[in-house]
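> For reference, the sequence and a predicted model appear below.
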Amino acid sequence: MFALIGILVVIGAIAAGYLMEKGNLLVLLQPSELIIIGGAGLGTLLIANPLPVLKSIMGSVLLVIKGSPYTKTAYGEALNMLNELFQLARREGPARLEEHIEEPEKSPVFEKYQTFLRDEFAVSYVCDTLRMSLVGNIAPFDLDMLMETDADGRHRESGLPVEALTAVSESFPGLGIVAAVLGVIITMGALGGPPEEIGHKVAAALVGTFLGILMCYGFVGPLAANISKIHNEADDYYRVLRYGVVAYLKGMPPILAAESARRMIPMQVRPSMKEMEASFKEVKASPAEIPVDA
């Protein structure tokens, strides 16, 4: 939502300043320049990236529009999920835990925490680690290393859309120059014609440079920065899950394992310990949710 508001602010501020200087907005409407720059930018994106990265870019852009899912409520659900899962394992044994981690989409524990369940990586991240802990005598330190390796791989993969959009963003000023040069070529061919026609063609050529710089610094560059921030928030979320799981595997009581995870939550979305304890008491009555207001 804020990304869309930002786009409107950029467009509104530029249009307002241009009109204050008695500019004519119709002069900026140059479809041919937009086709040259936009089409060339899209082609650059297709040349430089394989299909999986392109799909990831589309998903990341949609995520920016919808907003980051890693809110205080989402972290509250994660803490409740970890605590409930660990309490279940301690109370009913590893066999009962295995029933939930083998088919998490059918688990009555996981189905209450939809933010977690919709994240395929988070589900496999937790369930595969717990499944490995049930296989045999594997040290918590080794499982911690596996989780860290898994998260590092996901981090590298999630950075590919940001790198792709940043590269395209940096190409837009150059593509704007290409459009401007083409406009100059057309203008040179019109020399000797009416001054109004020559002036219109010169303006169209300059609009190409304007659009290239605007696309770079006004839209695509900030979009890549926003995606990068959301992916960093995802890394924080997975780190919280990792610390909670590893703490439990080290033999900590469920409440202490959940507290270890809570301490890793970023301060701006971290629930207090009282909020966490209150939500644990309510988890059996309704889907766990920690209030947003501290």
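Thanks, I have the structure now.
> Nearest residue to residue 259 in space, please, no chain neighbours.
residue 273 (6.9 Å; Cβ to Cβ, 6 or more residues apart in numbering). Heads up, the C-betas are built off the backbone N, CA and C, glycines and all.
> and that neighbour, how many residues sit next to it?
12 (other Cβ atoms under 10 Å).
> so it makes contact with residue 260?
No: at 11.9 Å, residue 273 does not count as touching residue 260 under the criterion of Cβ atoms under 8 Å.
> so how far is stretch 240-254 off the chain centroid?
Relative to the centre of its chain, stretch 240-254 is centred 26 Å away, using Cα atoms, centre = their mean, to the nearest Å.
> how about the helices in the stretch 1-150 of the chain?
Assigned by DSSP state H, counting those that start in this stretch, the stretch 1-150 of the chain shows helices spanning 2-20, 25-28, 31-48, 51-66, 72-92, 94-102, 114-117, 120-135, 140-189.
> most packed of these?
helix 72-92 (a mean of 21; mean count of other Cβ atoms under 10 Å).
> helices or strands up against it?
In terms of contacts (3 or more Cβ pairs under 8 Å, 6 or more residues apart in numbering; DSSP states H and E), helix 72-92 is packed against helix 94-102, helix 114-117, helix 221-249, helix 254-262, helix 273-282.
> can we see that at 10 Å?
helix 94-102, helix 114-117, helix 120-135, helix 221-249, helix 254-262, helix 273-282 (3 or more Cβ pairs under 10 Å, 6 or more residues apart in numbering; DSSP states H and E).
> now the ones you listed as TSV including mean pLDDT and distance to residue 63?
As requested, these are exported to TSV (pLDDT from 0 to 100; distance: least, Cβ to Cβ, whole Å):
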stretch	mean pLDDT	distance to residue 63
helix 94-102	87	27
helix 114-117	90	13
helix 120-135	92	14
helix 221-249	94	6
helix 254-262	93	23
helix 273-282	88	26
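> In JSON lines, list these along with distance to residue 172.
JSON lines is the format used below for these (distance: least, Cβ to Cβ, whole Å):
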{"stretch": "helix 94-102", "distance to residue 172": "47"}
{"stretch": "helix 114-117", "distance to residue 172": "35"}
{"stretch": "helix 120-135", "distance to residue 172": "32"}
{"stretch": "helix 221-249", "distance to residue 172": "9"}
{"stretch": "helix 254-262", "distance to residue 172": "42"}
{"stretch": "helix 273-282", "distance to residue 172": "45"}
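> Which one of those lies nearest to residue 195?
helix 221-249 (37.5 Å; Cβ to Cβ).
> Mind giving me the packing neighbours of the closest one?
helix 2-20, helix 51-66, helix 72-92, helix 114-117, helix 120-135, helix 140-189, helix 254-262.
> can you list those in TSV and add distance to residue 209?
Formatted as TSV, the helices and strands packed on helix 221-249 follow (distance: least, Cβ to Cβ, whole Å):
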stretch	distance to residue 209
helix 2-20	14
helix 51-66	26
helix 72-92	43
helix 114-117	44
helix 120-135	42
helix 140-189	5
helix 254-262	51
